[in-house]
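J.: here are the coordinates; sequence isn't available:
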DNA sequence: TCGAAGAGTGATATAAAGGTAACACAGTCA
DNA sequence: TGACTGTGTTACCTTTATATCACTCTTCGA
């Protein structure tokens, strides 16, 4: 089951989208704290994100840029200011689509489906990332390798998702910190180290030695 | 270099797109045989496909469905018939986006780039410098040559970036000193020598002998 | 209410990177 | 050629980044 997160200050629209998306069998979270978007994003870890541009406190462009620092999650902008400049700006910030308000709900849903399909592979109905024969199901947070199931904690799962979403590339410790604990609560840097360590132990025990590599002075990598 | 294929019977549009896409460093094929779309598709094997809906012989929906039987290539529809029903239909056929005619060329290009990025991984966009077949990934400090990966330390990376950005020109030791240690802390001049030495050893070991040359009394050069 | 699991903290251990000094070697010029 | 200066090489030491371990605190359910 895919998770959809919507950041939209018009409660009417947010509600309508939520209702319709639920009908499409999507789990929906409508953000209401427009200062804590990053925290909610990290918590909910959606498979797709709908972003309004005009928001209280910070605008959609800001959140898009922030989120793109740590995640490749598909992003669709929803905005009444749908002139060419805004569209181009959004795309350059890493957005995947741009829908003008008011929009037809069926069109939105069709685009959401298309983007989910594009991102999480055509055939599979489940968002699964594979590497070295290990299958990470990002929907329910299970890792399967060699027929055995490795159970991960929240923290371990988030770390692994972030690394596997970016496999082949180094993910900085800073990014992981942001993704796990969003700046409001000050968490020791070492806590990340410890959590990576715990994750590695589980992977090792399952026969996945060296699954997570260290790039000294930079971060971690799965490759 | 990505290949873009456009299926469009208005030669003016096709040409304009081809021109603009070339400027974006895309290889372009404009289909002219509207019965042999599949053959041309197979021949050219594009990374992305732009499809008009109203075409001679068969319409864009037909080709989209045909192509989707064998390929997951990203498809963007271009059409003047951009009502909701058409959009939904296109998306359900496996399209990735739908752009109404007439369209702004910059918007089209932004969407093409976004879709290529989404489909062929975000890696494109990471600043990479090339020389003598060696690729320097400035984001995570790795140098790839002959299939093997050389990991560099912070200092080594900075030196190499500075030299490769100025390839063909001699970079003074003074300038490297400035770039590595920002004047506030007084660092021995020899430290630079040592770091260059360490970098050279890694390059030599990877088969890149003489990658960094010395200009006696001036500085270092990559050429 | 007890115990197990998850999560954060601090202390300490280890490994990697960076800096320094001593000396060797190479270009330059009288 | 020999003195001088710039650069290369090596060994050693300091600093910093990461790993590991032991402990605490919280939550949650039996």
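T.: Looks like it arrived, so ask away. These numbers were taken from a predicted model, which means no experiment stands behind them.
J.: enumerate the residues of chain A near chain B.
T.: Residues of chain A lying near chain B by C-beta under 8 Å from any C-beta of the partner chain: A:72, A:74, A:84, A:87-88, A:91-92, A:94-97, A:104, A:106-107, A:110-111, A:113-115, A:117-119, A:122, A:166, A:168-170, A:215-219, A:221. In short, each C-beta sits where N, CA and C put it, glycine included.
J.: from those, which land in helices?
T.: Using DSSP state H, the members of the residues of chain A next to chain B that fall in helices are A:84, A:87-88, A:91-92, A:106-107, A:110-111, A:113-115, A:117-119.
J.: check contacts around residue A:145.
T.: By C-beta atoms under 8 Å, 6 or more residues apart in numbering or on different chains, residue A:145 lies in contact with A:133-135, A:206-208.
J.: which helix is the longest one in chain A?
T.: Longest helix in chain A, counting residues (DSSP H): helix A:189-205.
J.: and that one, what's buried?
T.: By neighbour count with 16 or more other C-beta atoms under 10 Å in any protein chain shown, helix A:189-205 contains the buried residues A:192, A:195-196, A:199-200, A:202-203.
J.: what about it and DNA strand D, touching?
T.: Yes: using C-beta under 7 Å from any atom of the strand, helix A:189-205 reaches DNA strand D at A:190, A:193-194, A:196-197, A:200.
J.: next, give me the two most distant ones among the ones in helices among the residues of chain A next to chain B.
T.: Spatially, the most separated pair among these is A:92 and A:106, at 28.1 Å (C-beta to C-beta).
J.: list only buried entries from the contacts of residue A:145.
T.: Among these, those scoring as buried are A:134, A:206, A:208 (criterion: 16+ other C-beta under 10 Å).
J.: how about chain A: which residue is closest to DNA strand D?
T.: As assessed by C-beta to the nearest atom of the strand, DNA strand D sits closest to residue A:214 within chain A, at 3.8 Å.
J.: any chance of the buried residues of helix A:189-205 in TSV, with pLDDT too?
T.: Compiled in TSV, the buried residues of helix A:189-205 are given as follows (pLDDT from 0 to 100):
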residue	pLDDT
A:192	94
A:195	94
A:196	95
A:199	94
A:200	95
A:202	92
A:203	93
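J.: pLDDT on stretch A:207-223, on average?
T.: Stretch A:207-223 shows a mean pLDDT of 91.
J.: which other residues reach it?
T.: Residues outside stretch A:207-223 that contact it (C-beta under 8 Å, 6+ apart): A:131-132, A:134, A:145-146, A:163-164, A:166-176, A:196, A:199-200, A:203, B:140-141, B:151, B:153-154.
J.: how about the contacts made by residue A:100?
T.: A:79-80, A:82.
J.: most surrounded residue in the ones in helices among the residues of chain A next to chain B?
T.: The most neighbours of any of those, using other C-beta atoms under 10 Å in any protein chain shown, belong to residue A:111, which has 25 neighbours.
J.: can you tell me the closest non-neighbouring residue to it?
T.: residue A:97 (5.7 Å; C-beta to C-beta, 6 or more residues apart in numbering or on different chains).
J.: next up, the contacts around residue A:108.
T.: A:17, A:20, A:50, A:76, A:78, A:99 are the contacts of residue A:108 under C-beta under 8 Å, 6+ apart.
J.: go on, residue A:26?
T.: Taking C-beta under 8 Å, 6+ apart, we find residue A:26 in contact with A:1-4, A:112.
J.: of those residues, which belong to helices?
T.: Under the assignment DSSP H, these contribute residue A:112 to helices.
J.: number of nearby residues for the residue in chain A that DNA strand C sits nearest to?
T.: Of all residues in chain A, residue A:153 sits closest to DNA strand C, at 2.6 Å by C-beta to the nearest atom of the strand. Taking other C-beta under 10 Å as the criterion, the count of residues near residue A:153 is 13.
J.: over to it: give its phi and psi.
T.: Torsion angles at residue A:153 (phi, psi; degrees, to the nearest 10) stand at phi -80, psi 170.
J.: report the contact partners of the nearest residue to residue A:180 once chain neighbours are set aside.
T.: Nearest residue to residue A:180, sequence neighbours excluded (C-beta to C-beta, 6+ apart): residue A:158, at 5.5 Å. For residue A:158, the contacting residues are A:42, A:45, A:179-180, by C-beta under 8 Å, 6+ apart.
J.: check those residues and tell me the two furthest apart.
T.: The most widely separated members of these, counting by C-beta to C-beta, are A:45 and A:180 (10.8 Å).
J.: my read: residue A:10 touches residue A:53, true?
T.: No: between residue A:10 and residue A:53 no contact is recorded; they are 11.8 Å apart, counting by C-beta atoms under 8 Å.
J.: those two: which has the busier surroundings?
T.: In this view residue A:10 and residue A:53 are compared by other C-beta under 10 Å, and residue A:53 has more residues nearby, 23 against 13.
J.: the more buried one is in contact with residue A:82, isn't it?
T.: No: distance between residue A:53 and residue A:82: 9.3 Å, which falls outside the contact criterion (C-beta under 8 Å).
J.: flag every residue of chain A that's near DNA strand D.
T.: Counting by C-beta under 7 Å from any atom of the strand, the residues of chain A that sit close to DNA strand D are A:173, A:190, A:193-194, A:196-197, A:200, A:214-219.
J.: mean confidence for the helix or strand hosting residue A:61?
T.: Using DSSP states H and E, residue A:61 maps to helix A:60-68. Helix A:60-68 shows a mean pLDDT of 85.
J.: contacts for that helix?
T.: Helix A:60-68 has contacts (C-beta under 8 Å, 6+ apart) with A:7, A:37-38, A:41, A:49, A:51-55, A:73, A:75, A:77, A:79, A:89-90, A:93-95.
J.: and stretch A:179-199, by the same measure?
T.: By C-beta under 8 Å, 6+ apart, stretch A:179-199 touches A:36, A:38-39, A:42, A:70-71, A:152-153, A:155-156, A:158-160, A:162, A:173, A:176-177, A:212, A:220.
J.: filter those residues to the buried ones?
T.: With neighbours counted by 16+ other C-beta under 10 Å, the contacts of stretch A:179-199 contain buried members at A:38-39, A:42, A:70-71, A:152, A:155-156, A:158-160, A:162, A:173, A:176-177, A:212, A:220.
J.: narrow these to those in helices?
T.: Per DSSP H, the buried ones among the contacts of stretch A:179-199 map to helices at A:38-39, A:42, A:155-156, A:158-160, A:162, A:173, A:176-177.
J.: redo these as TSV? Include pLDDT.
T.: Shown next, in TSV, are these (pLDDT from 0 to 100):
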residue	pLDDT
A:38	78
A:39	75
A:42	73
A:155	90
A:156	93
A:158	89
A:159	92
A:160	93
A:162	87
A:173	91
A:176	89
A:177	88
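J.: how is chain A divided into domains?
T.: A:3-119, A:128-221 (automatic domain parsing).
J.: and those domains, which is most packed in?
T.: The highest mean neighbour count among those, using mean count of other C-beta atoms under 10 Å in any protein chain shown, belongs to domain A:3-119: a mean of 18.
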